[in-house]
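In: Sequence first, predicted coordinates after that:
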Amino acid sequence: MPYIVLSVVLAILWHLTVARAAPRFGLLKVNFRNDLIMSSYGLIEFPYIATAAIILCASGVVECTRVWQYLTVMGVMWILGAIDDIWGSREVSGFKGHFRKLLFEGKVTTGAVKALGGGLTALGAGFWLYNDSVFFALQAGSVIALSSNLINLFDLRPGRAVAIIFFGLVVTYIVKCGRLVAMPLVGAIAAIALAFGIVDARGKAMMGDSGSNSLGAALGMTIALSAPNWMLPAIILMAAVHIYSEKRSISGAIESNRLLKEIDRRLGVR
């Protein structure tokens with residue numbers, strides 16, 4: 001019980017500290033509506049997720065091994081995203097941009113660090129989840145890596161990234177007929193994402209890389225653990241979106257499609 005109380009107190013203190021230090025670390029940025037907002041509420045969000053996970057583990061509601069798997073992978077992705085949020089530059093974007101900078105100019109961008117570190121973390125997570133099958137381990141690693149960055153690709157308009165997370169969770173829930181591994185933990189992560197997502201949808205804050213990468217990793221782990229036979233279709237779909245985003249604008253594609261534009265308009269302020 002004492003460490004549960006401590007984790008709650010620490011999450012709240014971290015929240016207050018980050019909110020207070022946001023201007024100093026350049027975390028207040030102008031959004032697409034030229035409003036000055038918190039650009040990375042994911043920095044604040046993850047400690048609350050960790051607290052909820054610890055409570056579920058301590059109370060025996062969720063197997064602690066699953067809790068530590070989620071928290072470890074999400075935590076590393078959160079740190080990598082935080083590095084990009086705080087010290088990253090928006091002069092370079094996309095995988096090709098970051099790796100071109102690395103290969104041809106010898107400059108290591110925070111985006112390249114995030115991509116390489118995230119890829120290795122996802123691969124390690126895949127073998128952690130499926131240490132008895134290289135085939136499933138590689139698929140799991142791919143799903144986690146792609147889903148982690150996928151949410152980042154959609155974090156360009158209020159509510160859009162959170163909607164993609166819930167879409168992925170709902171589809172996984174449906175194909176598995178409601179039988180998700182560590183479902184209370186997945187539910188807690190979703191609930192916290194939704195709570196912060198309300199602020200996001202109102203255009204008052206952005207998820208940032210720390211939030212999108214960690215929540216995306218959680219989505220990937222849920223797919224890998226609960227729907228292993230659906231990993232390959234998920235990989236193909238997410239890879240297609242990534243390839244498209246390297247050449248064209250996802251926002252442009254949404255704006256040019258009447259149905260997608262109408263759905264997108266309902267996700268948050270525009």
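Out: Structure received.
In: Please make it C-alpha for all contacts and neighbour counts, starting now.
Out: Noted.
In: from memory Gly141 sits against Gly126, does it?
Out: Yes: here Gly141 reaches Gly126: they are 4.2 Å apart, a contact under CA atoms under 8 Å.
In: how about the helices of the chain, start to end?
Out: 2-21, 42-58, 64-87, 94-105, 110-129, 134-154, 160-175, 183-201, 208-226, 231-247, 250-256, 258-265 (DSSP state H).
In: Least confident of these, on average?
Out: Lowest mean pLDDT within the helices of the chain: helix 94-105, at a mean of 59.
In: okay, the helices of the chain, which one's buried deepest?
Out: The highest mean neighbour count among those, using mean count of other CA atoms under 10 Å, belongs to helix 208-226: a mean of 29.
In: Please report how far the residue nearest to Ala140 when sequence neighbours are not counted lies from Val143.
Out: In space, and not counting its chain neighbours, Ala140 is closest to Gly126: 4.7 Å by CA to CA, 6 or more residues apart in numbering. Distance of Gly126 to Val143, given as CA to CA, to the nearest Å: 9 Å.
In: Thr51 too?
Out: 25 Å.
In: Run through the residues that contact Asn213.
Out: Each residue near Asn213 by CA atoms under 8 Å, 6 or more residues apart in numbering is listed here: Met74, Met77, Trp78, Gly81, Ser148, Asn149, Ile151, Asn152.
In: again, but for Gly81
Out: Lys114, Gly208, Asp209, Ser210, Gly211, Ser212, Asn213, Ser214.
In: can you do 6 Å?
Out: Asp209, Ser210 (CA atoms under 6 Å, 6 or more residues apart in numbering).
In: got a pLDDT number for Gly26?
Out: Value for Gly26, per-residue pLDDT: 88.
In: Chain neighbours aside, what residue packs nearest to it?
Out: Nearest to Gly26 is Ile86, by CA to CA, 6+ apart, at 6.7 Å.
In: cool, and Ser147?
Out: Per CA to CA, 6+ apart, closest to Ser147 is Gly216, 5.0 Å.
In: May I ask you to confirm that that neighbour is in contact with Ser148?
Out: Yes: assessed by CA atoms under 6 Å, Gly216 is found in contact with Ser148 at 3.8 Å.
In: thinking again about what came up before, just curious, which of the contacts of Asn213 is nearest to Ala137?
Out: Ser148 (16.4 Å; CA to CA).
In: Do I have it right that the closest one meets Ala218?
Out: No: using CA under 6 Å, Ser148 makes no contact with Ala218, being 7.9 Å away.
In: ok, back up a step: pipe the helices of the chain into a markdown table and attach distance to Leu27 per row.
Out: Formatted as a markdown table, the helices of the chain follow (distance: least, CA to CA, whole Å):
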| stretch | distance to Leu27 |
| --- | --- |
| helix 2-21 | 8 |
| helix 42-58 | 10 |
| helix 64-87 | 7 |
| helix 94-105 | 21 |
| helix 110-129 | 16 |
| helix 134-154 | 16 |
| helix 160-175 | 19 |
| helix 183-201 | 15 |
| helix 208-226 | 9 |
| helix 231-247 | 25 |
| helix 250-256 | 23 |
| helix 258-265 | 26 |
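In: Phe32: which of those helices is closest?
Out: Nearest of these (CA to CA): helix 250-256, 11.9 Å.
In: hmm, who's touching that closest one?
Out: Leu260, Lys261.
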